[in-house]
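Trainee: Provided below are the primary sequence and the corresponding predicted coordinates.
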Amino acid sequence: MNDIHTGTKPSVKDFCQLGGSLGFSVDNALTLAVITQHGHRMAEDIQFNVLRSHQHHLFLDGLRKLGLDSSFTDPIRCAKFHVLSNYLGGLNVRYGESEGKAWVVYDTPYWMDSPWSPGISAVSIRPEHLYRTMEAWHANNGVMLGNPRLGYAQTQLVARGDACDAGYFFESDEELEPEQRMQLRFDEGIPTDLKLNPPELDENIWPIERRAKAWRNFSVAYVGGRIYWLIQALGEEQSVALLEHCLRITMLQNRNRLKALCGIDDEPSAKRASAFFTAWHEAWGDEVETQNNTDGSIRCAIKRSRLHEVGEFSAPAEPLPIALEAAINRAWKTVIEYDCPNIEVVAKGSMQNPNEPWSTLFSLKKL
């Protein structure tokens, strides 16, 4: 973080953990808002598209990066990939093998809201939301790997009253039809004698600082992916309104938590407002340049935005729409003027305009 306020600079671990929580919260707020305004089926279809898109962007390259080469069977490769990738995203996951089945167990605290700041939003989703999640990615792994015998079976779901989400990858003796790639086998549960273990990572390859940044990047990528598919499903105008609403509420819910972690304890001022703004963005992995002006105002320019770089918006794809930047600006204006009533907030520019960077000016309101 830029040293623009008094207080203790948080550790990389704590700061990225907070960034991951903020990302999870915004992402799940968008899902809940869609359920409220457009119904479960729309939210589930968007969830499917987000996960399938992420699979195409990340799965095959991720297998290579995680060292899951062809020396493993496909069920084991897939199960270990989902355990390791989700563990690196901050989720609580375990792995096991039994009778040709490679198991993935998603433990609580649940992935909705955040595993570091558990909430109760999981009560709002129905089992179909998870079916679509697993159908989008887990059940499509065989297609991606060119293995028509590879399938996935779901045996437990929190949304239907179970204590965790659990399932396993298997290889059939025959080619599976498309509708057979995802199977619901709730009668199986989890074998009582199944040995389940959390993943083990080489600390030399994955020191805590690298893992912490992976937590943060994982959740922010989901925000970007969900925004993209919201636009495809609902159009830009409705998606802009949803993002502004969800971001504003998430900021308000987390403002005291963020300020406490970052030691932002100044009286309401441009200094406090800019420190809050900078802390949020840097928790997400953004790069912020601050400029202290002679009149006491402070300008914060976003030099790099993670949200603009996730798969669906990364070059050469179409960039994040400017209308969404404006929605983020409006959310910030509401939050800052509530937190610091004496401060005026003026945003201008865009990440798409190299001649006028995306920036926000914080200054004392004129009497």
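Mentor: That came through fine. Residues are numbered from 1 along each chain as shown.
Trainee: C-alpha from now on. contacts and neighbour counts both.
Mentor: Fine.
Trainee: Now for residue 348: which residues touch it?
Mentor: 356, 357, 358, 359, 360 (Cα atoms under 8 Å, 6 or more residues apart in numbering).
Trainee: One more pass at 6 Å, please.
Mentor: If you count contacts by Cα atoms under 6 Å, 6 or more residues apart in numbering, residue 348 has them with 358, 359.
Trainee: and it, what are its phi and psi?
Mentor: phi -150, psi 170 (degrees, to the nearest 10).
Trainee: Report the beta-bridge partner residues of it.
Mentor: On the basis of DSSP bridges, residue 348 is bridged to residue 359.
Trainee: Give me the pLDDT value at it.
Mentor: Residue 348 is assigned 96 on the pLDDT scale.
Trainee: oh, and call the first residue 25 from now on, that's how I've got it
Mentor: Yes, from this point I'll number from 25; that puts the last item at residue 372.
Trainee: ok, now how distant is it from residue 362?
Mentor: Going from residue 372 to residue 362 by Cα to Cα, to the nearest Å gives 20 Å.
Trainee: Also residue 259?
Mentor: Taken as Cα to Cα, the span from residue 259 to residue 362 is 30 Å.
Trainee: try residue 252
Mentor: With distances taken as Cα to Cα, residue 252 is found 30 Å from residue 362.
Trainee: Between the two, point out the one with more neighbours.
Mentor: residue 252 (22 against 13; other Cα atoms under 10 Å).
Trainee: gap between the more buried one and residue 74?
Mentor: Relative to residue 74, residue 252 is positioned 8 Å away (Cα to Cα).
Trainee: Got the confidence number for residue 337?
Mentor: Per-residue pLDDT puts residue 337 at 89.
Trainee: my guess is it meets residue 345, correct?
Mentor: No - checked against Cα atoms under 6 Å, the pair residue 337 and residue 345 is beyond contact range at 9.2 Å.
Trainee: Identify each buried residue in the host helix or strand of residue 154, please.
Mentor: Taking DSSP states H and E as the definition, residue 154 sits inside helix 151-160. Under the neighbour-count criterion of 16 or more other Cα atoms under 10 Å, helix 151-160 has 153, 154, 155, 156, 157, 158, 159, 160 buried.
Trainee: Residue 314: which of those is nearest?
Mentor: Nearest to residue 314 among the buried residues of helix 151-160: residue 157, at 40.3 Å, using Cα to Cα.
Trainee: which ones are touching the nearest residue to that closest one once chain neighbours are set aside?
Mentor: Using Cα to Cα, 6 or more residues apart in numbering and skipping residues adjacent in sequence, the residue nearest residue 157 is residue 72, 5.6 Å away. Under the criterion of Cα under 6 Å, 6+ apart, the contact list for residue 72 reads 156, 157, 160.
Trainee: Please report the distance of the last one from residue 205.
Mentor: Noted for residue 160: a distance of 11 Å to residue 205, by Cα to Cα.
Trainee: before we move on, the earlier item: now the helix holding residue 154: how far from the chain's centre is it?
Mentor: Here the centre of helix 151-160 is set off from its chain's centre by 17 Å, with Cα atoms, centre = their mean, to the nearest Å.
Trainee: And for residue 186, nearest residue in space, chain neighbours not counted?
Mentor: Nearest residue to residue 186 in three dimensions, chain neighbours excluded: residue 180, at 5.9 Å (Cα to Cα, 6+ apart).
Trainee: Quick check: phi and psi at that neighbour.
Mentor: The phi/psi pair for residue 180 (degrees, to the nearest 10) is phi -150, psi 150.
Trainee: Show me the beta-bridge partners of it.
Mentor: With DSSP bridges applied, residue 180 shows beta-bridge pairing to residue 190.
Trainee: burial measure for residue 281, as a count.
Mentor: Considering only other Cα under 10 Å, residue 281 is surrounded by 13 other residues.
Trainee: same question, residue 307
Mentor: For residue 307, the count of nearby residues is 24 (other Cα under 10 Å).
Trainee: And the pLDDT at it?
Mentor: Residue 307 carries a pLDDT score of 94 in this model.
Trainee: ok, now which ones touch it?
Mentor: Shown in contact with residue 307 (Cα under 6 Å, 6+ apart): 39, 40, 43.
Trainee: and these, which of them are in helices?
Mentor: Taking DSSP state H as the definition of helices, the contacts of residue 307 contribute 39, 40, 43.
Trainee: Can you get me a residue count around the first one?
Mentor: This means residue 39. Count around residue 39 with other Cα under 10 Å applied: 25.
Trainee: Without its sequence neighbours, what residue ends up closest to it?
Mentor: Residue 39 sits nearest to residue 307 (Cα to Cα, 6+ apart), 5.8 Å away.
Trainee: re earlier: would you turn the buried residues of helix 151-160 into JSON lines with pLDDT?
Mentor: Conversion of the buried residues of helix 151-160 to JSON lines gives the following (pLDDT from 0 to 100):
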{"residue": "153", "pLDDT": "96"}
{"residue": "154", "pLDDT": "95"}
{"residue": "155", "pLDDT": "96"}
{"residue": "156", "pLDDT": "96"}
{"residue": "157", "pLDDT": "96"}
{"residue": "158", "pLDDT": "96"}
{"residue": "159", "pLDDT": "97"}
{"residue": "160", "pLDDT": "97"}
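Trainee: and residue 69, what element?
Mentor: helix 64-89.
Trainee: If you count neighbours, what's buried in that helix?
Mentor: Residues of helix 64-89 classed as buried by neighbour count (16+ other Cα under 10 Å): 64, 66-79, 83, 86-87.
Trainee: Just give me how far that helix sits from the chain centre.
Mentor: 12 Å.
Trainee: what element comes up after it heading to the C-terminus?
Mentor: Of the helices and strands lying after helix 64-89 in sequence (DSSP H and E), the nearest is helix 98-112.
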